[in-house]
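Student: have a look; sequence and predicted model below, questions after that.
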Amino acid sequence: SSTSISYGSKIVYNSAQSYFNSVVFDPNTANKLVIAYRNVEVGTAIVGTVSSNSISFGTPSVFETPTGGNYIEIAYDPNTANKFVIVHADEGNSNYGTAIVGTVSSTSISFGSPVVFNSGNTTATSIGLSFDKNTATKFVIAYKDTSNSTYITVIEGTLGSTSVTFGSEIVTNSAASDYPDMAFDPSSYGKFVVVYRNAGNSNYGTSIVGQVSGTSISFGTEVIFNSGYTSEPAMAFDPNNANKFVVVYRNDSTSDRGETIVGTVSGTSISYGSVVVFNSASVN
C-alpha cells in the first residue's frame, strides 16, 4: 500500500552482544511487549512499555544459564493474561528443544522450570511457535529435528500456571528440510499452517495445514508456494480476514530477492495467489 512508516528514536535494551532476538506484544495489556534474546551466552528476557514513539524497559530476567538461548521464539497466550512461552535450543543441555513459561508483573518477569520437548539436537535455523486463540492454553511448536534426519517436526503443548505439558512429536515431512515457521488460523479452532524449505523436493517453498485435536495433530497434503530454491520463509495470518495468511521468503532462484504471496486455507488444503516482490535486491 502507499502507507509509509515513521520511526521514533532507537532505544538500547541490551548493551552487550545480542543474538536470536524475538519480540511479542502482550495481546491483553496495551503497549506492553517482551523481548527474548541471548545476552552473550545467557538466555534473557525483558519487558518493554511503549509510550508515544518511545520505549522504556524493566530489569532483564534470565531464563537459561550458563549457556542457552539458541534459535529463540516467544509467544503470548492470548487467553491467559500476562503469560508467555519461550522456546529455544538449550546449548547447555545438548541443544535439546526446551520451553519455559514466563509471567509478567508490571515490568518484571518470573519464570517456571524449563521443560524439554525434543530430547535431540534441535539446532535449527528457526523454530516456529504459535498459540491458538480459540482454544485456551494450546500452542504448537515447529522445529527442525537434527537428531532425526533434520525432519520438520511439530508438537502440541498445553500451558499451565508455571509449566507446560506436551503431546507426541509428529513429523510433517519425511525429508531433510529447513526454516520452519508456523501460525494458527485465528478464524478456525485448532487449525494452523507450517511453512518450510523442502530439501526432499528441490528445496521448494512448501506449506501444510495441521489440525490439533486434544494432544494429537493431523495433516493435510503439502502445497508448494514457491517452485524455486527458498530460504527463510516467515508467515502470519490476517486476524481480520478469515483463512488468509501471507508468506514472505527469500527466493534464491531469482537473485535472492524478497518475495511474498497470499495463501487461503480451505479445509486441509491451501491455494495461493500471485507472487509479489517486496525487495528486488538480495534479502536476509
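Tutor: Noted; the coordinates are in hand.

Student: can you pull the buried residues of the helix or strand hosting Gly205?
Tutor: For Gly205, the host element (DSSP states H and E) is strand 204-213. For strand 204-213, the neighbour count (16 or more other CB atoms under 10 Å) marks 204-212 as buried. Yep, even glycine has a C-beta here, placed from its N, CA and C like the rest.

Student: strands paired with that strand, and their directions?
Tutor: In the sheet, strand 204-213 lines up against strand 191-198 (antiparallel), strand 216-219 (antiparallel), strand 223-226 (antiparallel) (DSSP bridges).

Student: how about the strands in the stretch 101-250 of the chain?
Tutor: Applying DSSP state E, counting those that start in this stretch to the stretch 101-250 of the chain gives strands spanning 108-111, 115-121, 127-131, 138-145, 151-159, 164-166, 170-173, 177-184, 191-198, 204-213, 216-219, 223-226, 230-237, 244-251.

Student: endpoints of stretch 131-140, how far apart?
Tutor: End-to-end distance for stretch 131-140, by CA to CA, to the nearest Å: 7 Å.

Student: repeat that for stretch 79-86.
Tutor: First residue to last in stretch 79-86 (CA to CA) measures 16 Å.

Student: pull out the buried positions in it.
Tutor: Those would be 79-80, 82-86, for stretch 79-86 by 16+ other CB under 10 Å.

Student: touching that stretch from outside, list them.
Tutor: With contact meaning CB atoms under 8 Å, 6 or more residues apart in numbering, stretch 79-86 is reached by 22, 24, 26, 28-29, 34, 36, 43, 45, 63, 72-77, 99-105, 129, 131, 133, 136-137, 139, 157, 159, 164.

Student: repeat for stretch 40-58
Tutor: 6-9, 11, 13-14, 16-17, 31-38, 59-69, 72, 74, 86, 88, 102, 104, 106-109.

Student: and Asp132, how close does it get to Val283?
Tutor: 30 Å (CB to CB, to the nearest Å).

Student: and these two? Which one has more around it.
Tutor: More crowded of Asp132 and Val283, by other CB atoms under 10 Å: Asp132, with 23 against 16.

Student: return the helix or strand in this structure with minimum mean pLDDT.
Tutor: strand 170-173 (a mean of 92; mean pLDDT, DSSP states H and E).

Student: C-alpha coordinates for it, PDB please?
Tutor: Extracted in PDB, the C-alpha atoms of strand 170-173 (Å, rounded to 0.1, in the frame of the first residue of the first chain):
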ATOM      1  CA  ILE A 170       4.800 -35.500  14.800                       C
ATOM      2  CA  VAL A 171       6.900 -35.400  11.600                       C
ATOM      3  CA  THR A 172       5.400 -33.200   8.900                       C
ATOM      4  CA  ASN A 173       7.700 -34.200   6.100                       C
END
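
Student: next, the buried residues of that strand.
Tutor: The neighbour-count check on strand 170-173 (16+ other CB under 10 Å) flags 170, 172-173 as buried.

Student: format the residues you listed as CSV; extra columns: distance to Val247.
Tutor: As requested, these are arranged in CSV below (distance: CB to CB, whole Å):
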residue, distance to Val247
Ile170, 21
Thr172, 16
Asn173, 16
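
Student: which of those residues sits closest to Asp181?
Tutor: Thr172 (12.2 Å; CB to CB).

Student: so what's that closest one closest to, chain neighbours aside?
Tutor: The shortest distance from Thr172 to any non-neighbouring residue, by CB to CB, 6 or more residues apart in numbering, is to Ile152 (4.8 Å).

Student: sweet, I'm off.
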